[in-house]
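Participant: Have a look; sequence and predicted model below, questions after that.
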Amino acid sequence: MKRILVTGGAGFLGSHLCERFLGEGHEVLCMDNLVTGDLANIEALMPNPLFHFIHQDVTEFIHVAGELDVIMHFASPASPIDYLELPIQTLKVGSLGTHKVLGLAKAKGARILIASTSECYGDPLVHPQSEDYWGNVNPVGPRGVYDEAKRFAEAMTMAYHRYHQVETRIVRIFNTYGPRMRLNDGRALPAFMSQALRGEDVTVFGDGSQTRSFCYVDDLVEGLMRLLWSNENLPVNIGNPTEITIKEFAERVIELTGSKSKVVYRDLPVDDPKVRQPDITKARELLGWEPKVDLASGLERTLSSFQERVGAL
Ligand code: UDP
């Protein structure tokens, strides 16, 4: 049994991670300041005596009593509208928060996995994106607060590894979806699914020809586990390489929900990447990992979580 700290543990990915570690019999300390996290995500875990919730902002000094074996750093606003509304918090959690958790990992002799992002590649000029591509990021655009904080987080993590020999792992997470995404987080899947279930217009930004590649959360979590227990210190892409245009994605969601909603077109946000697809050769070769859940079954598995919360059940 290991003792594991998950920062951002009440968020979408964090709560799935907490669940997975508890399922494997580990003790889990879930830390969250609940800015974008939600206690409802961990309600079912609360009665477990091996689960502990700590209400804390990771940009402040972190005190954890006792030993720690693993830290999973998943605290951060993570959707474009969140980081537009919370630009300073986004920069702080990626930079100061990452520094704090790395310091904690060093003090405890813990292994640490940092959640980085495909946003490190910005609006990519190389397609698909492999880990050796350095990216095309606008540092002063509205998304720069997230992209640059995560790039700083990667640099800081490598410095702690190289200078302090901390056992670090870096995952670059591509678009992920599944139950517990916040209805109003503004990302494509929650927006489209809640709009379709309410019979509202489905808002596609731009002409919808931009592409993304969507990974189901259980596949992602499996990839994270394999990376955590591997020996790789350099970044690894984890995501589903099946690429789809946003227009087609909206149509798939409308079809699945059986909604009468129509697609309407809205302005494309500034610096919205035109394409995105992970090259997962490294994850395949190093971790023996690849996604198993296709879009149809992933959307199906996600639907009931949205139906319950939209009140359509
Ligand atoms: N998008 C959209 N309508 C929405 C929300 C998002 O067309 O209501 C588009 C967005 O412009 C982007 C894609 O869907 O091209 C994925 O957006 P998301 O916010 O999910 O994440 P991103 O991949 O941009 O970080």
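Facilitator: Yep, that arrived. Numbering: from 1, shown residues only.
Participant: quick one, phi/psi of the closest residue to residue 239 other than its chain neighbours?
Facilitator: Of all residues not flanking residue 239 in the chain, residue 174 sits nearest, at 2.6 Å (CB to CB, 6 or more residues apart in numbering). C-betas here are computed from N, CA, C, even on glycine. Main-chain dihedrals, residue 174, degrees, to the nearest 10: phi -90, psi 170.
Participant: which residues does residue 174 contact?
Facilitator: When the contact criterion is CB atoms under 8 Å, 6 or more residues apart in numbering, the partners of residue 174 are 118, 212, 213, 215, 237, 238, 239, 240, 276, 277, 278.
Participant: hang on, the fifth one in a strand?
Facilitator: The one in question is residue 237. Yes - per DSSP: H, G, I helix; E, B strand; the rest coil, residue 237 lies within a strand segment.
Participant: correct me, but it touches residue 118?
Facilitator: Yes - here residue 237 reaches residue 118: they are 7.4 Å apart, a contact under CB atoms under 8 Å.
Participant: Could you name every residue contacting both of these two?
Facilitator: Joint contacts of residue 237 and residue 118 (CB under 8 Å, 6+ apart) are 129, 172, 174, 278.
Participant: list the helices and strands the helix or strand where the second one lies packs on?
Facilitator: Residue 172 is part of strand 168-173, with elements assigned from DSSP states H and E. For strand 168-173, the helices and strands in contact under the criterion 3 or more CB pairs under 8 Å, 6 or more residues apart in numbering; DSSP states H and E are strand 111-117, helix 144-164, helix 217-228, strand 236-238.
Participant: Flag every buried residue along stretch 107-115.
Facilitator: By 16 or more other CB atoms under 10 Å, the buried positions in stretch 107-115 come out as 108, 110, 111, 112, 113, 114, 115.
Participant: mind checking the SS state of the closest residue to the first one other than its chain neighbours?
Facilitator: By that I understand residue 108. Distance criterion CB to CB, 6+ apart; nearest residue to residue 108, sequence neighbours excluded, is residue 68 at 4.1 Å. Secondary structure state of residue 68, per three-state DSSP, is coil.
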